[in-house]
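Trainee: coords please:
(chains A, B, C and D)
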Amino acid sequence: MEITLKNLTKIFPSRNKKSPDDVVAVNDFDFTIPDGKLIGLLGPSGCGKSTMLYMISGLQKPTSGQIFFGSDDVTQLSPENRGVGLVFQNYALYPHMTVLQNILFPLQNLKGEDKLTKDQMLDKAKDAARLVQIDELLDRKPSELSGGQQQRVAIARALVKMPRVLLLDEPLSNLDARLRLQTREEISRIQKETKITTVFVTHDQEEAMSISDMIVVMKQGVVQQTGKPQDVYDNPTNLFVAKFLGTPPINVFRGHVAGSMLYIGSSAVMACPGVKDCEVYVGIRPEGFILDPAGPFENSLRSVEVMGRDVSVVFTSPDSMNPTARAIITSESVIDEKSPTVRFSIKPRKLFLFDFASEKRIRFEVK
Amino acid sequence: MKKTLLTAILLAAAVLMLFAGGSGEKKATAASNFEVPEVGYDGSPVTVRFYHTMGTNLSDVLNLYIEEFSKIYPNITIAAEQVGSYDDVRDQVSTEITVGSQPNIAYCYPDHVALYNLAGAVATLDSLIDSQIAVKRADGTQEILGLTDAQKADFIEGYYNEGRQFGDGLMYTMPFSKSTEVLYYNKTFFDANGLTVPTTWDEMEEVCAKIKAIDPTSIPLGYDSEANWFITMTEQLKTPYTSASGDHFLFNTEENKKFVERFSSWYDKGYLTTQQLYGAYTSGLFTSETGVKSYMSIGSSAGATHQRPAALADGSYPFQVGIASIPQADASNPKAISQGPSVCIFKKANAQEVVASWLFVKFLTTSVDFQAEFSMASGYVPVLKSVGSNEAYAAFLAKADGAKYISALSAKICLEQERSYYTSPAFNGSSTARDQVGALLSKCLTLNTSSATFKADLDKAFQTAIEECEYNN
Amino acid sequence: MSDNKIILMHERNMAEQTSHQKIMTVIVKVLLYAFILAMAAIVLFPFYWMINSSLKTLEEYRRSVPTFWPHRLMLSNYSSAFTTANLGKLFLNTMYVGVVSTALSLVITVLSAFAFARLSFKGKNALFAGLLATMMIPGELFTITNYSTVTNLGWINTYTVLIVPFLVSVFYIYLLRQNFMQIPDELYLAAKVDGTSDLKYLWKVMIPLSLPTLISITILKMMGAWNSYIWPRLVANDEAHRLITNGLRNAFTETTGDVNYPVQMAAVALVSAPLFLVFIFLRKYIMQGVSRSGIKG
Amino acid sequence: MADIVDSKNQWKAWVYLSPAIALLLVFTVWPIFNTVRMAFLEGYSGLMNVGGAKFQFGIGNFRKVLQYQRFLSCLKTTSLLCIITVPISTILALLIAVCLNSIKILQKPLQTIFFLPYVTNSIAIGMVFAAMFNIVGSFYGTQNEIIVTAGIVNNIIEFLGGKAVNWINYGSTYLANMTVMVIYIVWNALPFKILILLGGLQSVNKQYYDAARVDGTSRRRIFSRITVPLLSPMIAYVVITGFIGGFKEYTSIVGIFGETMGPADDAKRLNTMVGFIYDSLSTNSQGRSSAAALILFGIILVVTLINLRVSKKRVHY
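Mentor: Numbers count the residues shown, from 1 in each chain, chains lettered A, B, ... in the order given. Next up, the predicted model:
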């Protein structure tokens, strides 16, 4: 099921009587979710991504704009008629029902021609349980399950009625690190098996990038960029996206372009043909640094952190927007920890220029 | 919390069980009659507490005489206290007896005394009455502690003998002020319509029928006390009610059912109502100017002023009230209830308190002036014969009319029927019997006499009343 | 899950669904409001009727066709109610008993709750369980003996008898103790380190922090005084000490003749008014206090 | 955790507790002890005790009380009132609470209105109910029925085409009396129950409802499968307290019928257990009064235990 969102806007009326400004949760959102894909909605908390999800599910109605499921306009349709499955952040499993009863619950709601016999229901419920690998736990109550198990039950409950769209709200946020890794793979597997169009919301960029077919980065209700995870990472359209994606985060410096040459401080870091002279933000991914005693970019060395596979070089620069900057280099590189300075050369594809005022990407040709 | 709750319940239950085993019995202290100390009153300072139900105007009269008494015996302090109604006095005294803090003197009805006697708390007065010990007064004169023969003879005999009705022949109470039931009728209405005042119940039925014909929306008769009515009927008809000893409750008889049935049929015809059924004293109906009215009302002789309609602006009254003796079953054997409080004296560890109390009781009950003044203020009937010859009282009686001096009229009627008075036996449980027959009568009045189940309902009501009495005995 | 089972939910006629569901929503809303407003009207009706009746003349009140607004406002009913039932004295008595017993009760409750929440002593848990157990026993059980106890003490018809026997409420101790226990231990330990005395700590820290609970207790206790009936009737039913509820009931049952209902209703309104005023201003605390008992579990 | 501070001054705690303990000993512990004692002394009466009578240890009081018609009628009235009013008021309160919870406009003012009956004096408002149901100054007699004025309830009934009912005056039926009592008690019991249930509803995680909506659950099913089970602890609580309160019913009846506890022609008809206990007290039968009080306690205990047991099965988590 392809989902099309057209000029979707959601405005919450202000609750505070003293400041009558309404809150714009989602602003003029235009996007098409291709059929059968797993889409990650990504953004810092409060950016309107959950509102998006609720609008797709029908729990919230958009202030303006339209939602299409395939060619059907479902904007005014209530959730039960949309055929969506929704997994809540804290799963919302009914505490008084067993796992099986929880999974059966949506099926028991079906009416008229959709109505199933008891056996059919049981079969479907067991199928769903098997799919998420909890068929051993059917008689337990949610309070007797671990977080990961509860998560699976919630997914099974959402899947059991074969929704046209599966929506997941921060599905991994309540899990510990190890379970998170495991579960996200699980979600990916289930999605691939069922081929249900799936939208999930997260503020964890790593999570989104690792399993999504496509990610949507949002900020304050406005879409910043959409695309395949790697594309977005490699090619951010603005400083926000660049900063939001990637761990450790991108290093940002203040710089200027003079005569098609990029300067950070007094170091002429790189040539950037075609860019007019101006003040810029320079974003360099940690992996974009090459330890080079003859490199153009000189900084004060703060410390070296050995992390096994990689080595993290922490340095300071008067032009850095953060107190320290970080470069990740392979552990084979030799670095003199006692040296007061460290010099780098930069991988051109890992360096992005942003307009100082608009923070928009300034593209230039890389040789 | 649920667990705590459960624990708490179990604990509570356990505690109760534990205590259940630990009950004990109190040592008995035998009741004995009061013996006068050899010195009589020794002049020591004592405080005598007196519980009564007098309102402000009567208290004023009382206080006057308390003052006078304290001139004679300055060391005896009389602390009079108004304690609600008669029932309130009974409840408070009986509670106080259980902890030994009862007053010295209290207003009482015979059944109260029977109740107090369970604890043996009431002092017998015989030895005091007979005592010849001389007591010194503050002015140096002396008086005999007991009653002189003249004093004894001055009491209206029926009233005086009420003090001896407790089965053992001993004197427990002194009569204080008395009243009875009388028939109030709307004299203006009766005269205008040529009605005669009924003297028997048969005549009453006729009069009711006539009134009902004249004013169909009226309820000709209101009877204030259902209990009095029942008991008086048993006296008039000489049918059983209760006995002071043995099998107490005897009122479940066919004769009694017969008169109840008769009144019930009157009720069906709309002839009458009672206090309980009306929801207030029936004087309200009798004095009513608008709406439903009654033209006769049987109530306490002491409540005459309540039976008088509100005065008009010019001080006159909308109608004249007539007062007569209540109707009788047998005109040759007239019976009217004797009611109104007596006083009893409680036993105390300090015998001087009892003697002092007696002196005060004697002072009040034998004082012609007090009796006269009290009667005039209250509308009660004096308990002394000689009050009739008291000048002020005679003048009061002479003024008797159906309007301004209605109290005098009421008193006059009472004095005239002096021989009719009866009292019913008093024992512990006699008040229950009283309450029960009252409730019984009002319940039976509302039964529909033409209904098929009437007889059975009547039997059941009588049976229930008997059971109630026996439970509480 | 095999592929053939992956059938998407039944395709529906979306337009029809939309209008149908709109109508349903409206119908449900209407029914909902109809029900709740009807119930609210029923709940409010006695109050309305009380006020309405209290302003009528007796004659108007007795009309067989009732009037839903008095033709002539009889405000004088209120003044006659005030004098008939001697409400002034009753109000004063009740206020006096309410204020004194609330104040004393608060002191006792605070001290006890503090001991149970913050101090350690032998048998604390057993004692507390014992206290809770007494909550299960109906008060009528106590009355029988307490009646003779207070008589024994010579307290009949005094203010003491209305105040002292019910000063301790196990429930309030329980409530406050729970509240005290929520205050972090660190605060107490810090105070101990600073050499603050228990009482000072209680006064400066715990009481301010549990103020809402204390206010709730105060109001409930005052309401208790206002509504008490059985015990005062039993032990202090004389003119001088009679409390409002008894006075009200007595004033209109002992009269001779017809009950003047409008005046009676005026008296009832006057008696109810203070509670309403308190409720309007302190609604939050009252509802909190009452519902607190529901969160016990 | 409260025991962190190792208090060497145990006496301090006892000082703080002393007023409470002293008062509880005198006015709570001793009465319990004494009540049990009196209940098991046959025919115990305070006055007779002072008079030196001896009382046998035994269960005579209980036997006498339990064989007594009036007591059985009190028991019947009390139980009936409980059994009828508790379910009605609980269900009504549940419906109102659910409705209140699902509306936005007027929610706060309506909540306040529904709480109003709680802050009333039950005697005072009982008098209002009496006036509403009254037939003022009616004088019955089979051939002579005069109704001066009917109360508003009868006016409404007549307006709707019904026949006026004698609700509380003499001549009224037990059924009519009970109807008035049930209406009044339910009216009186609603606010507390609504408050508790609404509080429970508001603390239920909204996501359960969102989840149910996404699944297309009908309102009725949401109510029966989600709301009621999630509210079950609160429901159990209001039912238990409702029963305990119901068995102690007394002042509401005084409010409407006065201390005659029934219509004039059948006083005490509506007497309750508590009323019985006080009546026995005023006839100085403390033994029977105590026995009745213990029976009442026993009933409340049993009913509460049954309730707890049932709710253990039915109350979820």
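
Trainee: what's the spacing between the closest residue to residue B:434 other than its chain neighbours and residue B:438?
Mentor: Excluding the flanking residues, the one nearest residue B:434 by Cβ to Cβ, 6 or more residues apart in numbering or on different chains is residue B:227, at 4.8 Å. Every C-beta, even on glycine, is put in place using the N, C-alpha and C of the backbone. Residue B:227 sits 3 Å away from residue B:438, taking Cβ to Cβ, to the nearest Å as the criterion.

Trainee: Could you do residue B:358 as well?
Mentor: 34 Å.

Trainee: For these two, indicate the residue with more neighbours.
Mentor: Legend: neighbour count by other Cβ atoms under 10 Å in any protein chain shown for residue B:358 and residue B:438, higher for residue B:358 (28 against 22).

Trainee: Apart from its chain neighbours, what residue comes closest to the more buried one?
Mentor: Going by Cβ to Cβ, 6+ apart, residue B:358 has residue B:128 as its nearest residue, at 4.7 Å.

Trainee: cool, residue B:170 as well?
Mentor: Closest residue to residue B:170 apart from its sequence neighbours, by Cβ to Cβ, 6+ apart: residue B:124 at 4.5 Å.

Trainee: Tell me the confidence at the one you found?
Mentor: In this model, residue B:124 is scored at 92, pLDDT.

Trainee: my guess is it contacts residue B:34, does it?
Mentor: Yes: between residue B:124 and residue B:34 a contact is recorded at 5.5 Å, counting by Cβ atoms under 8 Å.

Trainee: Kindly provide the distance from the closest residue to chain B within the stretch 101-250 of chain A to residue A:154.
Mentor: Per Cβ to the nearest Cβ, residue A:143 is where the stretch 101-250 of chain A lies closest to chain B, at 16.4 Å. Using Cβ to Cβ, we find residue A:143 at a distance of 14 Å from residue A:154.

Trainee: So between the two, which is more surrounded?
Mentor: For residue A:143 and residue A:154, the more surrounded residue by other Cβ under 10 Å is residue A:154, and the numbers stand at 26 against 10.

Trainee: Now do the same contact list for residue D:96.
Mentor: C:36, C:39, D:114, D:190, D:194 (Cβ atoms under 8 Å, 6 or more residues apart in numbering or on different chains).

Trainee: Please, which helix or strand holds it?
Mentor: Element membership for residue D:96, per DSSP states H and E: helix D:69-102.

Trainee: list the buried ones in the helix or strand just after that helix?
Mentor: As assigned by DSSP H and E, the chain's next helix or strand after helix D:69-102 is helix D:107-115. By neighbour count on 16 or more other Cβ atoms under 10 Å in any protein chain shown, the buried set for helix D:107-115 is D:110, D:111, D:113, D:114, D:115.

Trainee: Distance to chain B and pLDDT for these - can I get that in CSV?
Mentor: Formatted as CSV, those follow (distance: Cβ to the nearest Cβ, whole Å; pLDDT from 0 to 100):
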residue, distance to chain B, pLDDT
D:110, 30, 92
D:111, 26, 89
D:113, 31, 90
D:114, 26, 92
D:115, 24, 89
